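A.B. asks: Predicted model and sequence follow; I will ask about them next.
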Amino acid sequence: MTVRGQIVRFALVGVVNTATYYCFYLLFLAVGLPYVAAHVVAFLLSMTGSFFLNCRFTYRTRPTWRKFLLFPLTNAANFVITTSGVWLLVDVAGFSSRWAPLVAAAAAIPITFVVSRTIMLRPETPRTRDSLIEAVASK
């Protein structure tokens with residue numbers, strides 16, 4: 001598994017994740033949520049899907065509770081950059097609230113990849129080896 005391959009797969013997952021986020025965002029705008037609230041809820045929902053796609057497709061690693069709980073760190077920088085970007089673009093620069101999230105998301109991609117790769121490929125300890133899927137399936 002090469003870093004170049006991971007970057008390509010990460011980008012593809014990012015496209016799917018961005019489309020998922022954007023569909024949720026537009027849906028929440030349509031039902032009357034303010035744009036920041038729509039952004040936050042859509043972000044959280046798409047982040048969950050992104051975790052499983054990145055485990056399976058990008059890094060080819062098993063999802064674990066530890067990774068699942070650490071995964072939001074991969075999106076913390078993304079969240080700060082995109083949320084600030086959306087606000088700056090809409091309230092300061094006068095962009096449309098429909099398009100601002102797509103513009104703001106581009107700046108966060110490189111940071112998100114580096115943090116994501118660090119968390120997803122960190123060696124597991126015997127204590128954290130049990131996969132998230134096995135834990136859920138056993139219930």
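C.D. replies: Great, that's in hand. Numbers count the residues shown, from 1 in each chain.

A.B. asks: nearest spatial neighbour of the spatially most central residue of the chain, skipping sequence neighbours?
C.D. replies: In the chain, the centroid-proximal residue (CA atoms, centre = their mean) is Met47; its distance is 3.9 Å. Leaving aside its chain neighbours, Met47 sits nearest to Asn75 (5.2 Å; criterion: CB to CB, 6 or more residues apart in numbering). Quick note: C-beta positions are derived from backbone N, CA and C, even for glycine.

A.B. asks: Check which helices and strands the lengthiest helix in the chain sits against.
C.D. replies: Secondary structure assigned by DSSP state H gives helix 3-30 as the longest helix of the chain. Contacts defined by 3 or more CB pairs under 8 Å, 6 or more residues apart in numbering; DSSP states H and E place helix 3-30 against helix 35-53, helix 100-120.

A.B. asks: which parts of the last one are buried?
C.D. replies: Burial within helix 100-120, assessed by neighbour count using 16 or more other CB atoms under 10 Å, is assigned to 100-105, 108, 111-113, 115-117, 119-120.

A.B. asks: Please apply the same query to the shortest one.
C.D. replies: Buried residues in helix 35-53, counting neighbours by 16+ other CB under 10 Å, are found at 35, 38-40, 42-43, 45-47, 50-51, 53.

A.B. asks: of those, closest to Val86?
C.D. replies: Nearest to Val86 out of the buried residues of helix 35-53 is His39 (CB to CB; 5.7 Å).

A.B. asks: per-residue confidence at the closest one?
C.D. replies: Per-residue pLDDT puts His39 at 93.

A.B. asks: Would you confirm that it contacts Leu26?
C.D. replies: No: the pair His39 / Leu26 is not scored as a contact, 11.0 Å apart, by CB atoms under 8 Å.

A.B. asks: Give the closest residue to Pro72 in space, chain neighbours not counted.
C.D. replies: Using CB to CB, 6+ apart, the closest residue to Pro72 is Met47 (6.8 Å).
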